[in-house]
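*Asks:* My questions concern the predicted model and sequence given below.
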Amino acid sequence: MIDEALEMATRTGDRSFEAEFYRVKAELLLNSSRPPAEAEACLLDSLRIAKEQDAKSFELRSATTLAHLWADNGKRDKAAELLAPAYDWFSEGFQTPDLKAARALLDQLT
């Protein structure tokens, strides 16, 4: 279904949720027997698209998921370097689930 949503975004030109579609696809891949590199590629696409669209909430979600992946694979410093700027952009909403999750991960990484 995610691949269909991505194809529809391409076909219709409505790319507003494309970054989130790639992030969800990565989550699904991480919960399967597929190689983590496939999920990482989706997360990098998600992050790139979110940045291109200046979609800060999607950028934070993608960065948090990718930072988890990197931290789990021994790249804690790289994970913190990725997540900190995405988190630091926000100046309010710190009680939202996405910002709470990002802060908790940053606390674990630093």
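*Replies:* Structure's in. What do you need? Residues are numbered from 1 along each chain as shown.

*Asks:* quick one, phi psi at Glu27?
*Replies:* Per-residue torsions, Glu27: phi -60, psi -40 (degrees, to the nearest 10).

*Asks:* Oh, that last question was meant for Thr96, not what I typed.
*Replies:* On the backbone of Thr96 - angles per degrees, to the nearest 10 - the values are phi -70, psi 150.

*Asks:* can you pull the pLDDT of it?
*Replies:* Reading off the confidence values, Thr96 has pLDDT 97.

*Asks:* and Leu60, what does it touch?
*Replies:* Listed by Cβ atoms under 8 Å, 6 or more residues apart in numbering, the contact set of Leu60 reads Ala86, Tyr87, Trp89, Phe90, Asp98, Leu99, Ala102. C-beta coordinates here come from the backbone N, C-alpha and C atoms, glycine included.

*Asks:* Give me the nearest residue to it, chain neighbours excluded.
*Replies:* Nearest in space to Leu60, with sequence neighbours left out and distances taken as Cβ to Cβ, 6 or more residues apart in numbering, is Ala86 at 4.8 Å.

*Asks:* Give me the neighbour count for that neighbour.
*Replies:* Residues lying near Ala86 (other Cβ atoms under 10 Å) number 23.

*Asks:* Distance check, it against Asp107.
*Replies:* Distance of Ala86 to Asp107, given as Cβ to Cβ, to the nearest Å: 15 Å.

*Asks:* farthest-separated two in the contacts of Leu60?
*Replies:* Taking Cβ to Cβ as the measure, those reach their widest spread between Trp89 and Asp98, a distance of 12.2 Å.
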